[in-house]
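K.L.:
got a structure for you, letters missing:
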Ligand SMILES: NC(=O)CC[C@H](N)C(=O)O
C-alpha cells in the first residue's frame, strides 16, 4: 500500500508574478514523477487567511513591494502573514519584492510600507543603477544546489541585502537613519543566517552584493527563478530542501 501525503504550497497572490511560481512547482513534479510519488502536491494561490493556513509553505513573489504591502493591509492579511512567518514549521521564500516584504529592515521604503521580518536582513530597493535596472546573468549556485553552476538569474529592478542583522531588539544601528523601515513584529528568527550568493565586482566595481540568503526555513532571493526560461532547478531545490525536509 502506498501512503500519500498531501502537501500544499501557496503563492501569495495579491500582486506580482505568483502564477509563474505555481507553474514552475507543478513542472518540477511533472518532470520527476517517480521521486514524488508518495506525495500529493497542491500548488495554490493565497489571498485569504484560511487559504494561507492550509499551506505548508509559502512563496511571496516578485512584483512591487509597496503594492503587496498595501494590498495585504487592505485585505487584512498582514496579521495572518506575521503569524505564518513565526511558525517554525512553515517554510517561506521571498523573491525580489517578496524578499523586501520578508526582510526585517528596509533602507529606502515608501512611507507606510510594511515588512514581515522573517529574515534578519536589511534590504535596499532598486539597488542596481538605472542603466542596468534589469539583466540576466548565469550564476554558479553549485555550492548549495548540486551541479547548478549556470543558473540564468533574472534581476528586475532588484533589491540587494546590504546588511546582516543579529535580530536582537537592542541591536545598535550606527546609521541611526530615521528613514529605515523596521518590521512590524519583534519576531526574531533564531536560525543562523547564511549568505548563499554574492555578486562580486558587479559593473566592474569592487562590490559584493548579497543576492541570496537563507535563515533556517526562510529563503530570500533578489532575482526571479520563476522567470528562468525552462529551468526548474531552483524550484526543485526549494521543494526538496525546504518543503520536504520538514
Ligand atoms: N521585480 C521586483 O520584484 C521589483 C521589486 C520592486 N523594485 C520593489 O521595490 O518592490
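P.N.:
Happy to help now that I have it. Everything numeric here is computed off the predicted structure, so don't read it as measured data.
K.L.:
so in terms of bridging, what pairs with the most centrally placed residue in the chain?
P.N.:
Nearest to the geometric centre of the chain sits residue 94, at 1.5 Å (CA atoms, centre = their mean). Taking DSSP bridges as the rule, residue 94 bridges to residue 60, residue 220.
K.L.:
I'd like the next helix or strand past the longest helix anywhere in the chain.
P.N.:
For the chain, the longest helix by residue count, based on DSSP state H, is helix 18-31. Next helix or strand after helix 18-31 toward the C-terminus (DSSP states H and E): strand 39-46.
K.L.:
quick one: average pLDDT of that following strand?
P.N.:
Mean per-residue pLDDT for strand 39-46: 97.
K.L.:
now the angle from that strand to helix 18-31?
P.N.:
Between the axes of strand 39-46 and helix 18-31, defined by axes from the mean of the first three to the mean of the last three CA atoms, to 10 degrees, the angle is 170 degrees.
K.L.:
which strands and helices sit next to strand 39-46?
P.N.:
Packing partners of strand 39-46 (3 or more CB pairs under 8 Å, 6 or more residues apart in numbering; DSSP states H and E): strand 5-12, helix 18-31, helix 49-53. To be clear about C-beta, it is placed using only N, CA and C from the backbone, and glycine gets the same treatment.
K.L.:
7 Å instead, please
P.N.:
Here strand 39-46 touches strand 5-12, helix 18-31, going by 3 or more CB pairs under 7 Å, 6 or more residues apart in numbering; DSSP states H and E.
K.L.:
that older thread, which pLDDT value belongs to the residue nearest to the centre of the chain?
P.N.:
Model confidence at residue 94 (pLDDT) stands at 98.
K.L.:
check contacts around it.
P.N.:
By CB atoms under 7 Å, 6 or more residues apart in numbering, the contact set of residue 94 is 60, 101, 102, 220.
K.L.:
by neighbours, which of the residues you listed wins?
P.N.:
Using other CB atoms under 10 Å as the neighbour criterion, residue 60 leads the contacts of residue 94 with 32 neighbours.
K.L.:
separation between it and residue 118?
P.N.:
Distance of residue 60 to residue 118, given as CB to CB, to the nearest Å: 9 Å.
K.L.:
between the two, what contacts are shared?
P.N.:
With CB under 7 Å, 6+ apart as the test, residue 60 and residue 118 both reach 92, 102.
K.L.:
how about the residues of this structure that lie near the ligand?
P.N.:
Along the chain, the residues adjacent to the ligand under the rule CB under 6 Å from any ligand atom are 62, 63, 64, 65, 96, 97, 100, 125, 126, 156, 157.
K.L.:
recalculate using a threshold of 5 Å.
P.N.:
62, 64, 65, 96, 97, 125, 126, 156, 157 (CB under 5 Å from any ligand atom).
K.L.:
surely the fourth one and residue 154 touch.
P.N.:
It refers to residue 96. No: contact criterion CB atoms under 7 Å: residue 96 and residue 154 do not qualify, at 9.2 Å.
K.L.:
circling back: what's the longest helix of the chain in contact with?
P.N.:
Residues from elsewhere that reach helix 18-31, judged by CB under 7 Å, 6+ apart: 9, 11-12, 36, 41, 43, 45, 59, 61, 226-227, 232, 235-236, 239.
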